[in-house]
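Asker: just the structure for this:
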Amino acid sequence: MIVIVGATGTIGSFVLERLMKLGVPVRALSRKPEKLRIQIGELGNSTIEIITADASDPESLRIAFHGASQIFLAISNSPRQIEFETSIIQIAIEAGVEHIVKISSPAYEKRSPVAVAGWHQEIEKLLCNSALTYTVLRPYAFMQNLLRYAPTVEARHVFYGTMGQSPCNFIDCRDIADVAVEALTNRGVSGQIYTLTGSETFSYPQIACKLSTLLGRQIRYVDMDGQVLLRHLIEFEHMPSWLASHVVEIQTMSTVVPEKPTDTVNLLLGRAPRTLDAFLVENIEQFR
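Answerer: Here you go, the predicted model:
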């Protein structure tokens, strides 16, 4: 039995979909089971067991992990990340779980520290020091997160950042999910730490050019000072301060630490990762 922690999340929902299509028995966890039932209902649920569970409720996790052999762990980042994932890992050990596939973040860089990466680093250390078999996936920027810019692109033909001309690694969350499923169903690739990217890097000005071509109108990327962007995210996009700081930190890291693609997706899946061009074409209506 595979337990999915974070089954309604962007990556978790894709993992759930793929395991369902493979006919693998899955126990999907959510604080909002009705949302999960609607999600699963579109695909069929013959191999799925839905459990109401919360990372802040250890007893619900003990019930959910009973009899499980593997866990896919992908909870939303939050200031309680270390607390929640430490509890999940400890309860998994108590329940006799053998293998955890964890979604992490790019490695922590002292040259340009990202707080969330530091949280994941601590959790990875716990996994490494446990008796569990673990597979850690360290994806770079999600293509799906570019959809956050759709409202300002649609309304004002512009989006904002603090990356200058720096190239950034992007990856489609569906590729992350495919690698996770491979790790859950093929023990030959489990037990490793994998850095995941797409096959190309792109700067934000290049993405603005791609959107301009697809939309038939000029889309501008406006580069901001980090502190100005921070205030913009908090005041105009209504982000929690910790999340706004995270966005600024990861974009700043891209300007300090050179990014280049890995071939991990190709090696593990035997195919090239999805491209940014294809993703933008697929989702262009959201930017209109």
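Asker: return the backbone torsion pair for the nearest residue to Thr264 once chain neighbours are set aside.
Answerer: Once flanking residues are discounted, Thr264 sits nearest to Tyr194: 5.1 Å by C-beta to C-beta, 6 or more residues apart in numbering. Every residue, glycine included, has its C-beta placed from N, CA and C. For Tyr194, the backbone dihedrals (degrees, to the nearest 10) come out as phi -120, psi 130.
Asker: do the same with Ser30
Answerer: phi -160, psi 150.
Asker: give the bridge partners for the residue nearest to Thr264, please.
Answerer: Judged by DSSP bridges, the bridge partners of Tyr194 are Leu137.
Asker: go ahead and confirm it touches Tyr140.
Answerer: No. In this structure, Tyr194 is not within contact of Tyr140 by C-beta atoms under 8 Å, at 11.7 Å.
Asker: on that earlier part again, could you measure from the residue nearest to Thr264 over to Thr152?
Answerer: Going from Tyr194 to Thr152 by C-beta to C-beta, to the nearest Å gives 33 Å.
Asker: neighbour count winner among the two?
Answerer: Counted by other C-beta atoms under 10 Å, Tyr194 and Thr152 do not tie: Tyr194 has more neighbours, with 21 against 17.
Asker: other SSEs contacting the particular helix or strand that has Lys102 in it?
Answerer: For Lys102, the host element (DSSP states H and E) is strand 99-103. Applying 3 or more C-beta pairs under 8 Å, 6 or more residues apart in numbering; DSSP states H and E, we find strand 99-103 packed against strand 70-73, helix 81-95, helix 115-128, strand 133-139, helix 173-185.
Asker: roughly how far apart are Glu235 and Ile71?
Answerer: From Glu235 to Ile71 the distance is 39 Å (C-beta to C-beta).
Asker: just how off-centre is the strand holding Lys102 within its chain?
Answerer: Its chain's average C-alpha position is 13 Å from that of strand 99-103, according to C-alpha atoms, centre = their mean, to the nearest Å.
Asker: what lines up beside it in the sheet?
Answerer: In the sheet, strand 99-103 lines up against strand 70-73 (parallel), strand 133-139 (parallel) (DSSP bridges).
Asker: how big is the angle separating that strand from helix 81-95?
Answerer: 170 degrees (axes from the mean of the first three to the mean of the last three C-alpha atoms, to 10 degrees).
Asker: can you name the element that comes right after the worst-scoring helix or strand of the chain on mean pLDDT?
Answerer: The helix or strand of the chain with the lowest confidence, counting by mean pLDDT, DSSP states H and E, is helix 33-41 at a mean of 78. Scanning forward in sequence from helix 33-41 by DSSP H and E, the next helix or strand is strand 48-52.
Asker: show me which positions of that next one end up buried.
Answerer: Ile48, Ile50, Ile51 (16 or more other C-beta atoms under 10 Å).
Asker: for it, packing partners?
Answerer: Using 3+ C-beta pairs under 8 Å, 6+ apart as the contact test, the elements touching strand 48-52 are strand 26-30, helix 33-41, helix 58-65.
Asker: what's the offset of that strand from the middle of its chain?
Answerer: How far strand 48-52 lies from its chain's middle: 22 Å, per C-alpha atoms, centre = their mean.
Asker: what lies in contact with it?
Answerer: With C-beta atoms under 8 Å, 6 or more residues apart in numbering as the test, strand 48-52 has contacts from 16, 20, 25-31, 33, 36-37, 40, 60, 63-64.
Asker: nearest to Gly198 among those?
Answerer: Of all the contacts of strand 48-52, Leu16 has the smallest distance to Gly198: 22.6 Å, by C-beta to C-beta.
Asker: which residues does Tyr204 contact?
Answerer: Listed by C-beta under 8 Å, 6+ apart, the contact set of Tyr204 reads Phe159, Gly161, Met163, Cys168, Tyr221, Asp223.
Asker: give me the neighbour count for the closest residue to the last one other than its chain neighbours.
Answerer: To tie it back to what came earlier, the one meant is Asp223. Of all residues not flanking Asp223 in the chain, Gly164 sits nearest, at 5.6 Å (C-beta to C-beta, 6+ apart). Number of residues near Gly164 (other C-beta under 10 Å) recorded here: 14.
Asker: re earlier: need the winner for burial among the helices and strands packed on strand 99-103.
Answerer: Sort those by mean neighbour count, taking mean count of other C-beta atoms under 10 Å, and strand 70-73 sits at the top with a mean of 27.
Asker: pull the CA atoms of that strand into PDB?
Answerer: Extracted in PDB, the C-alpha atoms of strand 70-73 (Å, rounded to 0.1, in the frame of the first residue of the first chain):
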ATOM      1  CA  GLN A  70       5.600   3.400   1.100                       C
ATOM      2  CA  ILE A  71       4.700   7.100   1.500                       C
ATOM      3  CA  PHE A  72       4.800   9.800  -1.000                       C
ATOM      4  CA  LEU A  73       5.400  13.000   1.000                       C
END
